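>>> sequence below, structure please.
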Amino acid sequence: MKKIISTVPLFSELDSDEIEAISSLVSSKQYGKNMIVVQEGEPGDSMAIILSGSVKVSQYSPDGREVVLCLLESSSFFGEMALLDAEPRSATVTTMEATELGHIRRGDFERLMLDMPHLTKKLLSEIVHRLRRTNLVLAHISTMDVNHRLYAYLNDYCEQFGALRPDGRIEIKLPTHQLMADQLSSSRETISRAISTLKKDDVIIPLAGRGRVKVDVDALDDMIEDFD
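Numbers count the residues shown, from 1 in each chain. Sure, this is the predicted structure:
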């Protein structure tokens, strides 16, 4: 667990003793696929670290339509706002596969912040980073057509979760077309057509393993710049 915690952006600059102190406060729990682990509107008193697996973070419109805000994988975290206030949860978090989460209670984290003041600054920095990313996504949705929203989304997804290959491309496992559509205010059919075109143009090349591809992010950059 300590190895994973040390890779979490919030804790990546801490020394081994500080990582040990945090690890001692984490309680882990296993969840099956498609389980709601956080419900929008319910009280929140802890944050969670994804030790393995992946989740989606969603909100629901008044008519019941799901709006997927983001996808998170191993070493990501969520629920950090509950560490700073006593407000209800702002979104629903659902597992996309069998997932193990490590939970840290607000009271325990508050004591950590007193002992490690630099942790407070890092937490605020991570929250601001996420807000900036959210603002950028909203700007793309409001100003770009669907294809260019997809190019920007894939570029960002590669930056967050991809691995650089020797040929300079980024290897990732793509979300389902429906999940991408839910995040981009589009339809699955539209996203599927756009992905097919990217494959024909060799911007996306399928690899062995379901959903695994390698992506030419330089080509995506060029297509995004063409829109600008």
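
>>> so where do the helices sit in the protein?
According to DSSP state H, the chain carries its helices in the segments 2-7, 16-23, 106-115, 117-143, 146-161, 177-183, 188-200, 217-227.

>>> packing partners for the fifth one?
Contacts defined by 3 or more C-beta pairs under 8 Å, 6 or more residues apart in numbering; DSSP states H and E place helix 146-161 against helix 117-143, strand 170-173, helix 177-183, helix 188-200, helix 217-227. Heads up, the C-betas are built off the backbone N, CA and C, glycines and all.

>>> for the one helix or strand in the chain whose mean pLDDT sits lowest, buried residues please.
Least confident helix or strand, the chain: helix 117-143 with a mean of 80, by mean pLDDT, DSSP states H and E. Buried residues in helix 117-143, defined by neighbour count with 16 or more other C-beta atoms under 10 Å: Leu119, Thr120, Lys122, Leu123, Val137, His140, Ile141.

>>> now do it: which elements does it pack against?
With contacts taken as 3+ C-beta pairs under 8 Å, 6+ apart, helix 117-143 sits against helix 106-115, helix 146-161.

>>> which of the helices of the chain comes out lowest on mean pLDDT?
Lowest mean pLDDT within those: helix 117-143, a mean of 80.

>>> quick one, that one and helix 146-161 angle?
In terms of direction (axes from the mean of the first three to the mean of the last three C-alpha atoms, to 10 degrees), helix 117-143 departs from helix 146-161 by 160 degrees.

>>> dump the helices and strands packed on helix 146-161 into CSV; add distance to Gln59 as well.
Formatted as CSV, the helices and strands packed on helix 146-161 follow (distance: least, C-beta to C-beta, whole Å):
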stretch, distance to Gln59
helix 117-143, 12
strand 170-173, 24
helix 177-183, 11
helix 188-200, 19
helix 217-227, 26
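
>>> tell me which of the ones you listed sits nearest to Asp85.
Among those, helix 117-143 comes nearest to Asp85, with 11.2 Å by C-beta to C-beta.

>>> how close does the residue nearest to the spatial centre of the chain sit to Ala48?
The centroid of the chain falls nearest to Leu72 when counting by C-alpha atoms, centre = their mean (3.0 Å). Distance, Leu72 to Ala48, using C-beta to C-beta, to the nearest Å: 10 Å.

>>> mutual contacts of these two, please.
Residues touching both Leu72 and Ala48 (C-beta atoms under 8 Å, 6 or more residues apart in numbering) are Phe78.

>>> between the helices and strands packed on helix 146-161, which gets nearest to Ser52?
Closest among the helices and strands packed on helix 146-161, once you apply C-beta to C-beta, is strand 170-173, at 14.2 Å.

>>> partners of the residue nearest to the centre of the chain in the sheet?
For Leu72, the beta-bridge partners under DSSP bridges are Val55.

>>> ok, now how distant is it from Ser6?
18 Å.

>>> same check, this time on Val215
28 Å.

>>> can you check Leu84 too?
23 Å.

>>> verify the stated contact: Arg165 with Cys158.
No. Using C-beta atoms under 8 Å, Arg165 makes no contact with Cys158, being 11.2 Å away.
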